[in-house]
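Enquirer: Mind looking at a prediction? Sequence and model below.
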Amino acid sequence: MSEEWITERLHDHYAQSLRVDELLYDSKTERQRLKVFQNGTFGRILTLDDVMQTTEGDNFIYHEMLTHVPILAHGAAKRVLIVGGGDGGMARAALDHASVEHVTMVEIDGGVVEFSKEYLPMLSRGAFDDPRLELIIADGAEFMKTTEGGYDVIIIDSTDPIGPGEVLFTDHFYGHAKRALAPNGILVTQNGVPFMQGDELTGTMRAFKTLFADATCYLATVPTYAGGPMAFGWGTDGDARDVPLDVLRGRFDAAELDTGYYTPEVHQGAFALPPYVSNLIP
Ligand code: SAM
């Protein structure tokens, strides 16, 4: 039997292929082509429109770094908003913080949620049944226009700026997100792999520079987001980025988190940017 591979063609001149050891699901939701397949290296893999979304094997890096960094830096985050995150992994990581009292998750495609509950339960690990979670099926851009806000941390866990995700990379959206933050709140974003998608990071940072006193990004390497370290946009008017290491360590220890990537030292080091990335920030 010939080997089957799925090739991600997110970039014009670079692609990655993963072997399909077993195709578990392949169907269109109302918005996106949704596939899950088993891969010998990464376990179960979710793609939307043949673009890597998350994998059983390396999702912990991405979910830990987009939740623990802003929540532990903030120090008193009680209300968290997640835009996207249909697989439930981000909600899981945010809810692992006992100090977090409420997580609102706004996902545009209910099919991704229902599907992920069945095929990727190892990512949400009960998050969808947590009474602190409020799941809203809606366009995150529309939600952000009308929400009463008051969020201590807002996490944009979206697809790339193609298809339904495109609106989540606009100045208007960021402006509404800023308004939805509580005082000293923190906005963090999935901002692609700078070596491959530098323009996306520049666009987000340009908007953040007009909105926030502290606008930058931080990095983590997620193997299946190919092309080098991934950038996470960071915007806040507070001084959360300056939390001393010993304070971060105290908060991390008190949170009793089981992590595979995050440590307070990794947290601080993630903000040290190499010139090829810092040069992308206006
Ligand atoms: N970790 C992935 C990445 O970095 O590309 C993202 C994973 S998560 C599956 C992305 C989610 O964003 C999908 O479930 C998709 O349906 C959702 N999404 C895309 N556009 C959206 C929008 N405008 N509002 C809310 N959710 C959206």
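Expert: Sure, I can see it. Numbering: from 1, shown residues only.
Enquirer: From here on, just use CA atoms for contacts and neighbour counts.
Expert: Fine.
Enquirer: how about the helices of the stretch 51-200 of the chain, start to end?
Expert: 59-74, 89-95, 110-119, 121-124, 140-146, 171-179, 194-211 (DSSP state H, counting those that start in this stretch).
Enquirer: Alongside the ligand, which residues does the stretch 101-250 of the chain contribute?
Expert: 106-109, 112, 139-141, 157-160, 164-165, 167-168, 190 (C-alpha under 6 Å from any ligand atom).
Enquirer: The same query, at a cut-off of 5 Å, please.
Expert: Proximity of the stretch 101-250 of the chain to the ligand, by C-alpha under 5 Å from any ligand atom, involves residues 107-109, 139-140, 158-159, 164-165.
Enquirer: would JSON lines of the residues you listed with neighbour count be doable?
Expert: Output for those, formatted as JSON lines (neighbours: other C-alpha atoms under 10 Å):
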{"residue": "Glu107", "neighbour count": "25"}
{"residue": "Ile108", "neighbour count": "22"}
{"residue": "Asp109", "neighbour count": "19"}
{"residue": "Asp139", "neighbour count": "18"}
{"residue": "Gly140", "neighbour count": "24"}
{"residue": "Ser158", "neighbour count": "23"}
{"residue": "Thr159", "neighbour count": "20"}
{"residue": "Pro164", "neighbour count": "17"}
{"residue": "Gly165", "neighbour count": "17"}
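Enquirer: which one of those residues is nearest Arg251?
Expert: The closest of these to Arg251 turns out to be Ser158 (C-alpha to C-alpha; 27.6 Å).
Enquirer: ok, now which ones touch that closest one?
Expert: Counting by C-alpha atoms under 8 Å, 6 or more residues apart in numbering, Ser158 makes contact with 83-85, 165, 168, 190.
Enquirer: likewise Lys28?
Expert: Lys28 neighbours (C-alpha under 8 Å, 6+ apart): Leu34.
Enquirer: who's it bridged to?
Expert: Arg33 (DSSP bridges).
Enquirer: circling back to that earlier point, could you pick out the buried ones from the contacts of Ser158?
Expert: 83-85, 165, 168, 190 (16 or more other C-alpha atoms under 10 Å).
Enquirer: Between which two of the residues you listed is the distance greatest?
Expert: Farthest apart among the buried ones among the contacts of Ser158 - using C-alpha to C-alpha - are Gly85 and Leu168, which lie 12.8 Å from each other.
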